[in-house]
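Trainee: Quick one, what's the 3D model for this:
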Amino acid sequence: MSARRVGGAAPRPGAGPMARTPTLRAERALLREGHLLVAGVDEVGRGALAGPVSVGVAVVDASTRTAPAGLRDSKLLAPEAREDLAPRLRRWAVAHAVGHASAGEVDALGIVRALRLAGRRALEALDAVPCVVLLDGSHDWLSTPRPRGAGRTDPWVVRTQVKADLRCAAVAAASVLAKTERDGLLRDLAARDDRYGWAGNKGYSAPDHLAALRRHGACVQHRRSWRLPGLEEPAAAPSAGAAPAGVPQQATGREPEQALSGRMADHEPVVVPVLSARKGP
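Mentor: Just a heads-up that it's a prediction; the model follows:
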């Protein structure tokens, strides 16, 4: 069964992104179909040059009330507004989590498989498994690939919706939770190594980051299989059968989605564990 797109009301003519307030309309439609728990999922860090890719999950049910005031897609909010919203969103959601895949895992697996790994880490950290996942965009990168005609193996069904981070409260909440947690991780990395300005640029290709790359070269937090600006050809990524860099030895030979997370260290690629998963009040 392939992922299905969930329809949504078209925005008013002339209404910009800032005028749109995410609602629970799509989530409640899925709940009326008989699903008991609906998870909104969104990713951050996909286009960064350094640091993990992170996937947030926010779960709602039939009792969930309107989202806290001020909720928007994380890209439309100032950092201070996101930090203020995050604890309120954790209390609002039935359950929430953020999962990460390190730069070393992005190199070893490729960005799509790394996104899937981060998403599975988040979903599997929840106390209750959602029946359906509402995923931002038109591409289902979360479901486990399977041959044509084969049955679904994941415990959840994925529904995609373009601009869900703007329209759907659970997806917007997942975006904010993932963004605030990933930003905190990059600030922690900057405290260990301040050469690249990660506290400000969060691993993206800002001018100060590019200048630091030319000056210092890449470090273990960079996605070194990518064509990093100002550097020579990217390093060869590990073979498909190799364990992701930074995964403990006891995980070698297991499927990447099952591999254990390593601990953050100064001189290793960061394999970041799922940092949060709790039920709301």
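
Trainee: Count the residues that sit near Leu186.
Mentor: With neighbours defined by other Cβ atoms under 10 Å, the count for Leu186 comes to 24. To be clear about C-beta, it is placed using only N, CA and C from the backbone, and glycine gets the same treatment.

Trainee: buried residues in whichever strand or helix holds it?
Mentor: Per DSSP states H and E: Leu186 is located in helix 169-192. Across helix 169-192, burial judged by 16 or more other Cβ atoms under 10 Å covers 169-183, 185-186, 189-190.

Trainee: pLDDT (mean, whole number) over that helix?
Mentor: In this model, helix 169-192 carries a mean pLDDT of 97.

Trainee: ok, the spatially most central residue of the chain to Ala86 distance?
Mentor: Ranked by distance to the mean C-alpha position of the chain (Cα atoms, centre = their mean), the top residue is Val55 at 1.7 Å. Using Cβ to Cβ, to the nearest Å, Val55 is found at 16 Å from Ala86.

Trainee: Over to Glu27?
Mentor: Glu27 sits 19 Å away from Ala86, taking Cβ to Cβ as the criterion.

Trainee: who has more neighbours, the two?
Mentor: Glu27 (28 against 19).

Trainee: which SS class is that one?
Mentor: Look at Glu27: counting by DSSP: H, G, I helix; E, B strand; the rest coil, its state is helix.

Trainee: Isn't it up against Leu37?
Mentor: No: using Cβ atoms under 8 Å, Glu27 is not in contact with Leu37; the gap is 10.0 Å.

Trainee: ok so Leu135 is a strand residue?
Mentor: Yes: counting by three-state DSSP, Leu135 is found in a strand.

Trainee: Quick check: neighbours shared by Glu27 and Leu37?
Mentor: Common contacts of Glu27 and Leu37 (Cβ atoms under 8 Å, 6 or more residues apart in numbering): Val60.

Trainee: which ones are touching the residue nearest to Ser54 when sequence neighbours are not counted?
Mentor: In this structure, Ser54 finds its nearest non-sequential neighbour in Arg182, 4.1 Å apart by Cβ to Cβ, 6 or more residues apart in numbering. Contacts for Arg182 were tallied using Cβ under 8 Å, 6+ apart; they are Val44, Gly45, Gly51, Pro52, Ser54, Val98, His100, Lys202.

Trainee: Could you list every helix and strand in contact with the helix or strand that contains the residue nearest to the centre of the chain?
Mentor: Using DSSP H and E, Val55 falls within strand 53-60. On a contact count with 3 or more Cβ pairs under 8 Å, 6 or more residues apart in numbering; DSSP states H and E, strand 53-60 meets strand 38-44, strand 95-101, helix 111-125, helix 169-192.

Trainee: Can you tell me which of the ones you listed is nearest to Pro68?
Mentor: Closest approach to Pro68 among the helices and strands packed on strand 53-60 (Cβ to Cβ): helix 169-192, 8.6 Å.

Trainee: which SS class is His209?
Mentor: Counting by three-state DSSP, the backbone at His209 sits in helix.

Trainee: What about it, how many residues nearby?
Mentor: Neighbourhood size, His209 [other Cβ under 10 Å]: 23.

Trainee: How about it, nearest residue that isn't a chain neighbour?
Mentor: Computed as Cβ to Cβ, 6+ apart, the closest residue to His209 that is not its neighbour in sequence is Asn201, at 4.6 Å.

Trainee: could you redo the helices and strands packed on strand 53-60 as CSV and give each row distance to Trp141?
Mentor: Output for these, formatted as CSV (distance: least, Cβ to Cβ, whole Å):
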stretch, distance to Trp141
strand 38-44, 8
strand 95-101, 12
helix 111-125, 5
helix 169-192, 14
